[in-house]
Each structure stands twice: as structure tokens, then as C-alpha cells.
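> this one's structure only:
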């Protein structure tokens, strides 16, 4: 498992609060929780959507069982897939906007410091 996959799963575990998003039970109720991709992690889907979407933490959930894992799959519902892809893009755009705002703020402070010492 790559570091990115470990991070993806940790974020999904934190987000779940140990509650199965499908049945509402504890993700530990049947032993070891299952990690479920909302868009199944297949070669076809990787080719279709790319690793950016397939490995994104919003594409994964921890569930309590194989039955809930199967129910988590949205791959046969184009509307749900499109919504998830859109959610991922919106999340990443917002994350980058914050990063850009911080860079601009840092530059502005640096310019203000330089202009006061001239």
C-alpha cells in the first residue's frame, strides 16, 4: 500500500467516525472494517477516471461488511459518479484557493515589510 493510499484510508476512517455510512452500524461490528471505493478500483475505472479521482479520499469509505461494501459502489449510477467527480473537483479547487490566498498574503506581508524599511 502506498503512502497516498494510507493517507486516503486514514482520512476516510476519520470522516466516518467509525460508523458505517450504509447501515449506520459500527464499522467494527463484524470484525475488521472493509475499505470500499465508491467508484470501484478496477483497471477499466482507472483508465476511465484516472488515479487522481480513483485515489482521492472522497472516493472511499470504511464500511462494516462485504454487503455494505457492495452497496457503496456507485459505478452503475452515472448521476452519482458525476456528482462524486464534481465534489472532488470542488474540494480540490477550494483547497487550492486557500493555498493561493496564503501565498498572496505572505507576499503582501513581505512587500509591506520591505516598503517600511526603505
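Nice, thanks for sending it over. Every value quoted in this text rests on a predicted model; they were computed, and no experiment measured them.
> Tell me where the chain has strands.
Secondary structure of the chain (DSSP state E): strands located at 34-37, 60-63.
> among the ones you listed, which is the most enclosed?
strand 60-63 (a mean of 24; mean count of other Cβ atoms under 10 Å). Where C-beta positions appear, they are placed from N, C-alpha and C, glycine not excepted.
> what packs against that strand?
Other helices and strands packing on strand 60-63, by 3 or more Cβ pairs under 8 Å, 6 or more residues apart in numbering; DSSP states H and E, are helix 3-16, strand 34-37, helix 66-72.
> what would the ones you listed look like in TSV with mean pLDDT?
Conversion of the helices and strands packed on strand 60-63 to TSV gives the following (pLDDT from 0 to 100):
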stretch	mean pLDDT
helix 3-16	83
strand 34-37	92
helix 66-72	92
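> Pick the most deeply packed of the ones you listed.
Highest mean neighbour count among the helices and strands packed on strand 60-63 (mean count of other Cβ under 10 Å): strand 34-37, a mean of 20.
> Looking at the helices and strands packed on strand 60-63, which is nearest to residue 89?
Smallest distance to residue 89 across the helices and strands packed on strand 60-63 (Cβ to Cβ): 16.7 Å, for helix 3-16.
> ok, and what's touching the closest one?
27, 33, 35, 55, 56, 57, 59, 60, 61, 62 (Cβ atoms under 8 Å, 6 or more residues apart in numbering).
> Save the strands of the chain as CSV, and put in distance to residue 99 too.
CSV is the format used below for the strands of the chain (distance: least, Cβ to Cβ, whole Å):
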stretch, distance to residue 99
strand 34-37, 27
strand 60-63, 23
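> Distance to residue 111 for the helices and strands packed on strand 60-63 - can I get that in JSON lines?
Formatted as JSON lines, the helices and strands packed on strand 60-63 follow (distance: least, Cβ to Cβ, whole Å):
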{"stretch": "helix 3-16", "distance to residue 111": "35"}
{"stretch": "strand 34-37", "distance to residue 111": "46"}
{"stretch": "helix 66-72", "distance to residue 111": "49"}
